[in-house]
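1. Give me the fold of what follows.
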Amino acid sequence: MRAVNQVLNGWGNYTPCQSRVFRPERIRELFELMRNGDQEPSWIGRGLGRSYGDSALNPQGGTVLFERLDRLIDFDPQTGMVTCEAGVTFEALIRIFLQRGWFLSVTPGTKYITVGGAITSDIHGKNHHVDGTVSQFVESFDLLTGTGEVLTCSRSENTDAFWATVGGMGLTGLILRGRFRLLPVESAYLHVDFQRARNLDEAFALFQEGDQAYRYSVAWVDCLASGASLGRSVLMRGNHAAVAELPPRWRQSPSTVPLRRQHSVPFNFPDFALNPLCVKLFNALYYARNRDQQKIVDLDAFFYPLDALRHWNRMYGKRGFIQYQALFPPKSSRSGMIALLEAISRSRMASFLAVLKVTGAAGDGLLSFPKPGHTLALDLPNTGSRLRALIQRLDQIVLDHDGRLYLAKDATMSREAFSRMYERLDEFRRVKARLDPANRFVSAQARRLGIVEEG
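-> I've put the predicted structure just below:
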């Protein structure tokens, strides 16, 4: 299989690099590619490129695109168990199974990701406080390791490989097929309660008082607000709607998401387009418009509002942006989040995309991100030295409050910060050394963070 030289980015367009890209059509071609050990010194798998940083980039080796390894293999309509190749997208799963009464058990804020990427990132969503990460619904997967062996990994078989791969960012091997459970639903709609919080303390109190009544809970945060309004938010919490609860006009096709005209950002915006004044104005209008109310909304509007705008990452211009997602444990959530928001507000660099969530129980993945507490994710435009200085301040705040950053979003974390944030790193390295003794699976992120030491 011939390589194509191509410039690849993370979704933040922050770290473009020249890559040697391979696109197998069948799993047998993937085996052939891996057997030719002299073709590339290292490999990393890549789905749709929606990780924000450099976790799916490998400028010093080969990148394997999974976009055509996208076949459905089996489905059990009694249990909702799906078996499919790793390149199947969440968009395809929704399109095929929602009309049959099934939805994703866990989903992030975009449906344009692959099953393999979801597992290796151990994704979480608005229901983490109830359901945990996607690994809670993964029955098993087949993993092609660095030794050329294919392992079936589950909670009872090759357990250490299972928990190293879940959240392991593709460094233990290539997932070939996955088996996981979907969630039964009656409709494509949710009951959603919108509630404004005047500041961070009020948002925390509302989460604590009411989250047990909702499967899904999230808040938009105005990261430029300060003083008494620091952390002012709009909480959006909801549950799946039954057919009987829908307005009559929707009951005829309860599992059909309304069609919307999809728009696209055709080119990179100039760097000044998302200036602090525009963002401040947008945030003020968004907060004022979203008064306390109850609505029935469709799945796309609630889970995937940005998917309606193709290539929205171009709004940040050619220099790109990073998405910074930090998590603080309960003992330091309030103080850590206040310090983080104050630093961001003073910088005047935050965008209008800022999301606050409550997180539930920690998973068993060795490098999985979520654990109990609160997490804030926001976009920061690439302003060069100003951004680097701000990131240093934010990282120190996270470390001082026993927090951590999400690998699927990370583009800037230091080795020292990573090793302090992820206490099971050495355990992960031991498992990887057994599965991949020659370090055949490496990414730019793994090199930057020292997860993999190449010698």
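2. need the helices for the chain, in chain order.
-> Secondary structure of the chain (DSSP state H): helices at 27-35, 90-97, 115-121, 128-131, 159-165, 200-210, 248-251, 276-289, 299-303, 333-347, 385-400, 415-421, 425-435, 444-449.
3. end-to-end on stretch 348-358?
-> One end of stretch 348-358 to the other measures 25 Å (CA to CA, to the nearest Å).
4. Would you mark the buried spots in it?
-> Within stretch 348-358, the residues that count as buried by 16 or more other CB atoms under 10 Å are 349-358. (C-beta placed from N, C-alpha, C; glycine too.)
5. just stretch 335-346 next, same as before
-> Using 16+ other CB under 10 Å as the test for burial, stretch 335-346 gives 336-341, 344-345.
6. now do stretch 184-201
-> 185, 187-197, 199-200.
7. His124 reaches Gly132, doesn't it?
-> Yes. With contact defined as CB atoms under 8 Å, His124 counts as touching Gly132 (7.4 Å).
8. Check the spacing between Val355 and Phe267 real quick.
-> For Val355, the distance to Phe267 (CB to CB, to the nearest Å) stands at 26 Å.
9. sorry, back to before: any chance of the helices of the chain in JSON lines, plus distance to Asn5?
-> Formatted as JSON lines, those follow (distance: least, CB to CB, whole Å):
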{"stretch": "helix 27-35", "distance to Asn5": "16"}
{"stretch": "helix 90-97", "distance to Asn5": "28"}
{"stretch": "helix 115-121", "distance to Asn5": "23"}
{"stretch": "helix 128-131", "distance to Asn5": "39"}
{"stretch": "helix 159-165", "distance to Asn5": "29"}
{"stretch": "helix 200-210", "distance to Asn5": "48"}
{"stretch": "helix 248-251", "distance to Asn5": "49"}
{"stretch": "helix 276-289", "distance to Asn5": "37"}
{"stretch": "helix 299-303", "distance to Asn5": "36"}
{"stretch": "helix 333-347", "distance to Asn5": "38"}
{"stretch": "helix 385-400", "distance to Asn5": "29"}
{"stretch": "helix 415-421", "distance to Asn5": "29"}
{"stretch": "helix 425-435", "distance to Asn5": "28"}
{"stretch": "helix 444-449", "distance to Asn5": "16"}
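10. The closest residue to Val221 other than its chain neighbours bridge partners, please.
-> With sequence-adjacent residues excluded and distances taken as CB to CB, 6 or more residues apart in numbering, Val221 is closest to Ala354, at 4.4 Å. Note on Ala354: beta-bridge partners Leu378, judged by DSSP bridges.
11. pretty sure Phe194 is in contact with Trp220, am I right?
-> No. Using CB under 8 Å, Phe194 makes no contact with Trp220, being 9.9 Å away.
12. Between the two, which contacts overlap?
-> The overlap between the contact sets of Phe194 and Trp220 (CB atoms under 8 Å, 6 or more residues apart in numbering) consists of 234, 236, 290.
13. if we take the residues you listed, which one ends up nearest to Ser368?
-> Distance to Ser368 across the shared contacts of Phe194 and Trp220 (CB to CB) is lowest for Met236, with 25.0 Å.
14. rewinding a little: quick one: the residue nearest to Val221 from Glu91, how far?
-> Going from Ala354 to Glu91 by CB to CB gives 25 Å.
15. and what of Ala219?
-> Counting by CB to CB, the gap from Ala219 to Glu91 is 26 Å.
16. List the contacts of Gly336.
-> 326, 328, 397-398, 400-401, 403.
17. same thing but at 6 Å, please
-> Shown in contact with Gly336 (CB atoms under 6 Å, 6 or more residues apart in numbering): 328, 401, 403.
18. Any chance of the backbone angles for Asp122?
-> Backbone torsions for Asp122, taken as degrees, to the nearest 10, come to phi 40, psi 60.
19. just use 19 as the starting number from now, easier for me
-> Happy to do that; since the first residue is 19 now, the last one works out to Asp140.
20. Distance of the closest residue to it other than its chain neighbours relative to Asp94?
-> Once flanking residues are discounted, Asp140 sits nearest to Gly185: 3.6 Å by CB to CB, 6+ apart. Using CB to CB, Gly185 is found at 26 Å from Asp94.
21. more neighbours, those two?
-> Gly185 (28 against 12; other CB atoms under 10 Å).
22. May I have the residues that are in contact with that one?
-> Residues near Gly185 by CB under 6 Å, 6+ apart: 140, 383, 385-386.
23. ok, 8 Å please
-> 138-140, 151, 153, 381, 383-387, 425.
24. With distance to Arg465 as new columns, can the buried residues of stretch 202-219 be given to me in JSON lines?
-> Supplementary listing: those in JSON lines, determined by distance: CB to CB, whole Å:
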{"residue": "Val203", "distance to Arg465": "42"}
{"residue": "Ser205", "distance to Arg465": "46"}
{"residue": "Ala206", "distance to Arg465": "43"}
{"residue": "Tyr207", "distance to Arg465": "45"}
{"residue": "Leu208", "distance to Arg465": "42"}
{"residue": "His209", "distance to Arg465": "46"}
{"residue": "Val210", "distance to Arg465": "42"}
{"residue": "Asp211", "distance to Arg465": "45"}
{"residue": "Phe212", "distance to Arg465": "44"}
{"residue": "Gln213", "distance to Arg465": "44"}
{"residue": "Arg214", "distance to Arg465": "44"}
{"residue": "Ala215", "distance to Arg465": "41"}
{"residue": "Asn217", "distance to Arg465": "41"}
{"residue": "Leu218", "distance to Arg465": "37"}
